[in-house]
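K.L.:
Following is a predicted model, sequence given first.
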Amino acid sequence: QVQLVESGGGLVQAGGSLRLSCAASGRTFSSYVMGWFRQAPGKERESVAQISRGGGNRNYADSVKGRFTISRDNAKNTVYLQMNSLKPEDTALYYCVAKVGDADGWHYWGQGTQVTVSS
């Protein structure tokens, strides 16, 4: 089992920045592929970014490429999402996720942290 706790959400004006953090406990953090999802009101949950176990491979949704950066610190059991040039359409509940190996689905989810971008 692994527990994921997100932090860093909040209210920011369009064009601003936020950094989300996700602290993981439980099994060895470096054995998990990590990622971020988000869900806006009335919309389906979508994948935002994911990062490989060693951090060398990163993938992003087209909507956030060039603005968001995912990173991880395996020594601190933490994954980050740096969000720059935020837009009102980035407003959502952001979830940290983890999976073992190359499974299709995500095994663990955090409770989420709210990001609200005002215009």
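P.N.:
Yep, it's here. Numbering: from 1, shown residues only.

K.L.:
Who does the residue nearest the centre of the chain form a beta bridge with?
P.N.:
By CA atoms, centre = their mean, the chain has its centre lying nearest to W36, at 2.6 Å. Taking DSSP bridges as the rule, W36 bridges to A49, C96.

K.L.:
Tell me if I'm right that it and Y94 touch.
P.N.:
Yes - applying CB atoms under 8 Å, one finds W36 in contact with Y94, separated by 5.9 Å. Any C-beta I mention is one placed from the backbone N, CA and C, and that applies to glycine too.

K.L.:
Overlap of the contact sets of these two?
P.N.:
20, 48, 81 (CB atoms under 8 Å, 6 or more residues apart in numbering).

K.L.:
if you skip the residues just before and after it, what's nearest to V64?
P.N.:
V48 (5.8 Å; CB to CB, 6 or more residues apart in numbering).

K.L.:
who wins for neighbours among the shared contacts of W36 and Y94?
P.N.:
Each of these was scored for neighbours by other CB atoms under 10 Å, and L81 scores highest at 27 neighbours.

K.L.:
For that one, pull up the helix or strand it's in.
P.N.:
For L81, the host element (DSSP states H and E) is strand 78-83.

K.L.:
Buried ones in that strand, by neighbour count?
P.N.:
Going by neighbour count (16 or more other CB atoms under 10 Å), the buried part of strand 78-83 is 78-81, 83.

K.L.:
Low-confidence ranges, this protein, go.
P.N.:
Low-confidence segments of the chain (pLDDT under 70): 27.

K.L.:
where along it do the helices fall?
P.N.:
Counting by DSSP state H, the chain forms no helices at all.

K.L.:
for stretch 71-90, how far is the first residue from the last?
P.N.:
Start-to-end span of stretch 71-90 (CA to CA, to the nearest Å) is 19 Å.

K.L.:
quick one: contacts of that stretch?
P.N.:
12, 14-25, 29-30, 34, 36, 38, 40, 48-49, 51, 54-55, 63-64, 67-70, 94, 96, 115, 117-119.

K.L.:
Cool, thanks, talk later.
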